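[1] below are the sequence and a predicted model; questions follow.
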Amino acid sequence: DVKVTQSSRYLVKRTGEKVFLECVQDMDHENMFWYRQDPGLGLRLIYFSYDVKMKEKGDIPEGYSVSREKKERFSLILESASTNQTSMYLCASLSDPYEQYFGPGTRLTVT
Amino acid sequence: ELKVEQNPLFLSMQEGKNYTIYCNYSTTSDRLYWYRQDPGKSLESLFVLLSNGAVKQEGRLMASLDTKARLSTLHITAAVHDLSATYFCAVDSGSRLTFGEGTQLTVNP
């Protein structure tokens, strides 16, 4: 079974802190994704990556950056957390043919 | 810009009844996905539909895809309480997915 893990299930941070969300997949997938999920807005794509050191902006990249130094790990970085970044963050990786597997999610609260 | 619309967004039904959730999308795509999400949990893959006319069934759920109409349906047969969850469709637009808003399904005894 494909396994996608995220570093934390719940996280509480203060406004202005730098926040790292880690995602690791164990199936050698090239494509990885970060989404946020908010009530009434569904899932929105923040960033995705096709390969190591490659990244592409999704629909809502503002306030976020990403890092992909190794194939199995895709990190989402909030440079200076703000309260409007309180959300559920979901990481996913893409198999061939084209099925996305999701991690368990990180519920981030910024106070 | 690809838009994906689901309806209904909220569905309350009785056990034993049948119902259909609809997923419409705005641009051409040959791949469509259905996911289930339980409260506080992540998304679980239900179906991957890869061509026009594709039909897949698992238990009481059946999904179909009509790429010409840009429409997918998720049909629920003889609903049971365990099917209560939020169901998302997602459309592939070049190795990235665009999600519908989700349909929150509640099955009442």
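    Received, thanks.
[2] going forward, measure contacts between C-alpha atoms and count neighbours the same way
    OK.
[3] point out where the chain drops to low pLDDT.
    Assuming you mean chain A. Confidence mapping of chain A against pLDDT under 70 gives the ranges A:1-2, A:96-98.
[4] that was the other one, I meant chain B.
    Applying pLDDT under 70 to the predicted model, the residue ranges of chain B that meet it are B:95.
[5] so what's residue A:33 up against?
    If you count contacts by C-alpha atoms under 8 Å, 6 or more residues apart in numbering or on different chains, residue A:33 has them with A:45-49, A:74, A:91-93.
[6] repeat for residue B:6
    For residue B:6, the residues meeting the contact criterion (C-alpha under 8 Å, 6+ apart) are B:21-24, B:89, B:100-103.
[7] which of those residues fall in helices?
    Counting by DSSP state H, the contacts of residue B:6 place none of their members in helices.
[8] can you tell me the closest non-neighbouring residue to residue A:33?
    In space, not counting the residues next to it along the chain, residue A:33 is nearest to residue A:48; the distance is 4.3 Å by C-alpha to C-alpha, 6 or more residues apart in numbering or on different chains.
[9] is the residue nearest the centre of chain A bridged to anything, and to what?
    Centroid check for chain A by C-alpha atoms, centre = their mean gives residue A:34 as the closest residue, at 3.1 Å. On the basis of DSSP bridges, residue A:34 is bridged to residue A:47, residue A:91.
[10] count of residues packed around residue A:12?
    Around residue A:12 sit 12 other residues, with neighbours defined as other C-alpha atoms under 10 Å in any protein chain shown.
[11] so it touches residue A:106, yeah?
    No - between residue A:12 and residue A:106 there is no contact, the gap being 10.3 Å when judged by C-alpha atoms under 8 Å.
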